[in-house]
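Here is my input, please return the structure:
(one chain, ligands or ions: 1)
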Amino acid sequence: MSKIVTFGEIMLRLSPPEFLRFSQASHFDIEFGGGESNVAISLSKFGLSTEFITRLPNNDIGDCAKMELRKHGVGVDKIVYGGERLGIYFLETGAISRGSKVVYDRAHSSMATIQPGMIDWEKALDGVTWFHWTGITPAISQSAADVCLEALKVASAKGITISTDFNYRAKLWNYCDENLRKNIMTELSSYCNIILCNQEDAAVFFGIHPAKSATETNRENDILSVIEQLFKKFPNARKIATTLRTSISASHNTWSAILCDRENTYKTKTHQLNPIVDRVGGGDSFMAGLIYGLNTYTDDYQKAVDFAVAASCLKHSIKGDVNLVSVEEVTKLMEGDSSGKVAR
Ligand SMILES: O=C(O)C(=O)C[C@H](O)[C@H](O)CO
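As a prediction, the model looks like this:
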């Protein structure tokens with residue numbers, strides 16, 4: 001039976017109600033979010049045994065984060081405690097052609113000040129079959145990057161499948177220059193078997209760009225060229241996926257994905273995404289869907305990626321960071337029922 005661990009920072013998400021601007025708000029809606037905890041919660045909703053590892057402050061706010069994870073069935077026993085505070089991110093939700101805005105307030109958080117040796121990875125990863133991290137964790141601080149490396153070394157020695165979502169966040173990565181960032185991400189990524197990546201991630205982290213042919217390229221060829229180069233750079237990578245969003249106008253968005261292994265390419269159908277309720281966590285919901293898909297449809301990779309894209313499509317209908325949908329709901333959409341009919 002699969003047992004999945006994700007590792008990263010869970011934060012308080014504070015957002016003005018509805019579509020108010022920060023400057024208009026007199027109070028905030030409270031949720032919890034974070035790339036890796038979003039994946040853990042979604043996987044737990046799909047019925048997989050899931051554990052989230054992080055460092056939380058030993059105070060009431062840290063307790064609330066833990067209770068949130070527990071409420072969704074995610075294991076919290078490997079969490080360590082200490083440090084001053086829980087990270088926060090402020091989200092102003094955009095509308096029409098005004099984009100959303102994120103302001104991070106996570107400096108000196110418990111996760112940013114985590115140090116090597118604080119987590120006993122040998123014990124924490126005992127009996128685990130899958131370990132997931134993202135490029136957000138090493139972006140927080142050098143010591144968080146070091147702990148990530150500690151985890152990956154142990155996971156890899158134990159033969160655990162390792163996945164990552166590169167998740168470049170331009171507003172983080174403040175503690176190091178471009179070269180160090182490249183070295184850190186190259187070392188961490190070299191342990192990974194399953195990778196979720198987009199063109200920007202590949203360019204920023206590894207200086208990888210689409211190879212231009214004499215003929216005109218298109219978006220799909222560009223990303224396939226990037227994926228080919230990533231496979232060469234990372235010999236341990238078995239599968240690389242990407243999501244493709246088109247924003248034709250504020251009211252016309254589509255969502256699809258591609259999954260590649262070293263021999264084949266699996267493309268999904270294109271889903272319509274309108275109206276979008278909340279697009280935060282779209283990539284995380286895809287990642288969780290892919291982890292579920294690869295664990296469930298073990299010899300049907302087309303089905304695995306079809307499940308992932310349908311899952312993330314549904315996420316866009318849900319307020320908050322997390323994809324609170326069941327396998328049955330995803331399967332229904334995957335099989336073509338996008339009617340949104342009332343279930344009676
Ligand atoms: O941006 C981050 O660092 C977060 O983890 C916040 C959100 O949960 C994340 O962006 C969603 O993918």
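
Give me the three-state assignment for Ala311.
Following DSSP: H, G, I helix; E, B strand; the rest coil, Ala311 is assigned to helix.

residues in contact with it?
Ser42, Ser285, Phe286, Ala288, Gly289, Tyr292, Asn323, Val325, Val330 (Cβ atoms under 8 Å, 6 or more residues apart in numbering). Where you see a C-beta, it was placed from the backbone N, CA and C, and this is true even at glycine.

again, only this time at 6 Å
Contacts for Ala311 (Cβ atoms under 6 Å, 6 or more residues apart in numbering) come out as Ser285, Gly289, Val330.

Buried among these? Make that a ChimeraX selection.
Selection of buried members from these for ChimeraX, criterion 16 or more other Cβ atoms under 10 Å:
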select :285,289,330
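
and which of the contacts of Ala311 is nearest Asn174?
Nearest to Asn174 out of the contacts of Ala311 is Ser285 (Cβ to Cβ; 27.4 Å).

For that closest one, give its distance to Glu18.
22 Å (Cβ to Cβ, to the nearest Å).

Roughly how far does Asn218 sit from Gln229?
17 Å.

Between these two, tell me which one has more neighbours.
Per other Cβ atoms under 10 Å, whichever of Asn218 and Gln229 has more neighbours is Gln229, with 16 against 10.

pLDDT below threshold where in the chain?
Scanning the chain with the threshold set as pLDDT under 70 gives 213-217, 250.

what about whichever residue of it sits closest to the ligand, how many neighbours?
Residue of the chain nearest the ligand, by Cβ to the nearest ligand atom: Gly33 (3.7 Å). Gly33: 22 surrounding residues under other Cβ under 10 Å.

show me the contacts for the residue nearest to it when sequence neighbours are not counted.
Among residues not flanking Gly33 along the chain, Asp321 sits closest, at 3.0 Å (Cβ to Cβ, 6 or more residues apart in numbering). For Asp321, the contact set (Cβ under 6 Å, 6+ apart) comprises Gly33, Asn38, Val280, Gly281.

Could I get the residues you listed in JSON lines, plus columns for secondary structure?
As requested, those are arranged in JSON lines below (three-state DSSP):
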{"residue": "Gly33", "secondary structure": "strand"}
{"residue": "Asn38", "secondary structure": "helix"}
{"residue": "Val280", "secondary structure": "coil"}
{"residue": "Gly281", "secondary structure": "coil"}
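
State the pair within these that is farthest apart.
Asn38 and Val280 (8.8 Å).

which parts of the stretch 1-150 of the chain sit against the ligand?
Residues of the stretch 1-150 of the chain found near the ligand (Cβ under 6 Å from any ligand atom) are Gly33, Gly34, Gly35, Asn38, Tyr89, Ile136.

How much space separates Leu43 from Asn323?
For Leu43, the distance to Asn323 - Cβ to Cβ - is 10 Å.

my bad, Ala40
From Ala40 to Asn323 the distance is 11 Å (Cβ to Cβ).

which of the two has more neighbours?
Set side by side, Ala40 and Asn323 show more neighbours around Ala40, with 33 against 27, by other Cβ under 10 Å.

And whichever strand or helix holds that one, what does it pack against?
Secondary structure from DSSP states H and E places Ala40 in helix 35-45. In this structure, helix 35-45 packs against strand 3-7, strand 49-53, strand 130-134, helix 282-296, with contacts taken as 3 or more Cβ pairs under 6 Å, 6 or more residues apart in numbering; DSSP states H and E.

Please convert those to CSV, extending it with distance to Asp222.
Shown next, in CSV, are those (distance: least, Cβ to Cβ, whole Å):
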stretch, distance to Asp222
strand 3-7, 29
strand 49-53, 34
strand 130-134, 23
helix 282-296, 18
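
Distance from stretch 176-184 to the middle of the chain?
How far stretch 176-184 lies from its chain's middle: 21 Å, per Cα atoms, centre = their mean, to the nearest Å.

got the buried residues for it?
Under 16+ other Cβ under 10 Å, the buried positions of stretch 176-184 are Cys176, Arg181, Ile184.

Narrow these to those in helices?
Among the buried residues of stretch 176-184, the residues falling in helices (DSSP state H) are Arg181, Ile184.

between the buried residues of stretch 176-184, which is nearest Lys158?
Distances from Lys158 to the buried residues of stretch 176-184, taken by Cβ to Cβ, are shortest for Ile184, at 22.4 Å.
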